[in-house]
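Participant: Give the three-dimensional model of this entry:
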Amino acid sequence: MAKTIHSMIRVLDEERSVDFYNKAFGLKVAQRLDFETFTLVYLSNADSPFEVELTVNKGRTEPYALGDGYGHLAVSVTDLDSEHDRIGALGFNPKKIVEFNHDGAPIARFFFIEDPDGYKIEVLQRGGRFQ
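Facilitator: Next comes the predicted model:
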């Protein structure tokens with residue numbers, strides 16, 4: 001059976017992106033591999049073996065077009081309200097908290113933020129299927 005291990009995104013500024021993911025989600029550099037034309041940076045934390053892979057293409061100056069196919073990365077937290085406040089205090093402009101229901105039953109509580117390159121990240125209250 002397949003096991004998910006990472007998701008890759010292309011970023012313009014390595015330092016800015018590493019700083020964002022560390023401050024917002026506690027992700028730290030697990031490994032950095034520098035090549036002639038690009039750098040790979042793997043970010044992780046102790047809560048999950050899943051990693052975010054940042055790809056930095058050297059010499060790139062134009063922002064990436066995210067297109068209409070990219071959705072979002074999702075993370076879960078134990079206290080959504082506190083995280084919303086904390087992330088807002090960092091200046092990362094979280095959207096409003098949404099309570100999502102299906103047939104009157106609660107499914108999820110969440111909010112979205114965007115990283116420095118415009119990638120959307122859903123922050124979900126831990127519980128149910130969102131552990």
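
Participant: switch to C-alpha atoms for all contacts and neighbour counts from now on
Facilitator: OK.

Participant: Okay, buried residues for the helix ranked longest in the chain please.
Facilitator: Scanning the chain for the helix with the most residues, using DSSP state H, yields helix 14-25. Judged by neighbour count using 16 or more other Cα atoms under 10 Å, the buried positions of helix 14-25 are 14, 17-18, 20-22, 24-25.

Participant: got it, and stretch 65-82?
Facilitator: For stretch 65-82, a neighbour-count test (16+ other Cα under 10 Å) marks 76-77, 80 as buried.

Participant: Look at that stretch and report the distance between its end residues.
Facilitator: 32 Å (Cα to Cα, to the nearest Å).

Participant: Identify the residues contacting it?
Facilitator: Outside stretch 65-82, the residues that touch it by Cα atoms under 8 Å, 6 or more residues apart in numbering are 83, 109-110, 118-126, 130-131.

Participant: list the helices and strands the helix or strand just after the longest helix of the chain packs on?
Facilitator: Going down the chain from helix 14-25, the next helix or strand is strand 28-34, by DSSP states H and E. On a contact count with 3 or more Cα pairs under 8 Å, 6 or more residues apart in numbering; DSSP states H and E, strand 28-34 meets helix 14-25, strand 38-45.

Participant: For residue 63, give its distance to residue 43.
Facilitator: Taking Cα to Cα as the measure, residue 63 and residue 43 are separated by 21 Å.

Participant: So which of the two has more stuff around it?
Facilitator: Neighbour count, other Cα atoms under 10 Å: between residue 63 and residue 43, residue 43 has more, with 22 against 12.

Participant: per-residue pLDDT, that one?
Facilitator: At residue 43 the predicted local confidence, pLDDT, stands at 97.

Participant: Residue 29 bridge partners, please.
Facilitator: When assigned by DSSP bridges, residue 29 has beta-bridge partners residue 43.

Participant: Now for it: which residues touch it?
Facilitator: Residue 29 neighbours (Cα under 8 Å, 6+ apart): 18, 41-44.

Participant: what's the answer for residue 18, then?
Facilitator: Residue 18 neighbours (Cα under 8 Å, 6+ apart): 28-29, 43.
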